Every structure is written in C-alpha cells, then in structure tokens.
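>>> Just a sequence and a predicted model for now, questions to come.
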Amino acid sequence: MSLIEGVDVVFYGICNMNRSVAFYEGVLGLELSQRAGNDWAQFTVGSTEIGLYGELATPPHQGGATVSFRVSDIKVFDQMLVDAAVQKDVVEDMGGALSLEFYDPDGNKLVAMQVIEG
C-alpha cells in the first residue's frame with residue numbers, strides 16, 4: 001500500500017513572475033489562488049495546483065515533468081493560443097485523443113489534451 005495520497009502541487013521555475021502570472025491567469029484563464037511577491041504564485045486547476053517559483057536569473061532547463069491540461073475543445077484552445085501569440089506546435093491526433101504542445105513565456109512545455117468520444 002502506498003503512502004502517497006495524491007499530487008499536491010506541480011511547479012515550474014520562471015524568470016519573470018509578473019509576465020508568467022499574466023500568461024497563466026490572463027491567457028490560460030487559470031485562477032490565481034495565492035501569490036508571494038516574485039517568489040511564488042499558485043493557480044487552482046480543478047483539484048490540482050500549479051505553482052510558479054522564481055525569479056530565476058536564467059531560463060529554466062528543459063525536461064522534467066510536463067503539465068497536461070484536459071480541454072473540451074482543442075481547436076478553440078489552439079486558436080486562443082494563436083490569438084495570444086503563444087509559441088505552440090500543431091494539434092496531433094494520438095488515436096483516441098488530440099494533443100497540443102505549447103510553451104509558457106519561459107519555455108516550459110505544457111500540453112492540452114482533448115479525449116475523442118466514440
């Protein structure tokens with residue numbers, strides 16, 4: 001039996017807190033649940049929390065974990081990213097789901113995923 005009960009917070013390092021909060025709150029529409037100046041910001045996404053820590057002197061290293069958001073309409077989400085000039089890849093058909101990789105202002109990779117019904 002595992003002693004792990006769930007995931008508390010997934011977090012990314014960032015270089016500019018105001019710019020990152022504007023992206024996660026303004027562009028992605030996430031709810032800012034707490035902020036401690038330029039050291040920490042936290043967003044509520046369903047029953048999960050996403051945190052940002054910084055401000056780092058250099059961009060964070062690529063790799064590690066990636067947050068994958070469940071979206072209801074990936075085409076609408078894709079267009080929202082285009083309208084906000086967010087760096088992104090193309091929507092891919094994964095066989096049963098559509099996937100879209102995109103990046104926050106510091107180059108942290110995020111994924112949007114829409115499950116295809118039927």
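It's in. None of these values were measured; they are calculated from a predicted model.

>>> Quick one: residues in contact with stretch 9-20.
Residues from elsewhere that reach stretch 9-20, judged by C-beta atoms under 8 Å, 6 or more residues apart in numbering: 37-39, 41-42, 48-60, 65, 67, 104-106, 108. (Glycine included, C-beta is placed from N, CA and C.)

>>> what's the spacing between G37 and V76?
Remark: distance between G37 and V76 (C-beta to C-beta, to the nearest Å) = 34 Å.

>>> before we move on, back to that, could you tell me which of the contacts of stretch 9-20 belong to strands?
A41, Q42, T48, E49, I50, G51, L52, Y53, V67 (DSSP state E).

>>> Same list, those residues, but as TSV with neighbour count and distance to V90 please.
Formatted as TSV, the ones in strands among the contacts of stretch 9-20 follow (neighbours: other C-beta atoms under 10 Å; distance: C-beta to C-beta, whole Å):
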residue	neighbour count	distance to V90
A41	25	29
Q42	19	31
T48	14	26
E49	16	29
I50	20	24
G51	17	29
L52	25	26
Y53	18	30
V67	16	19
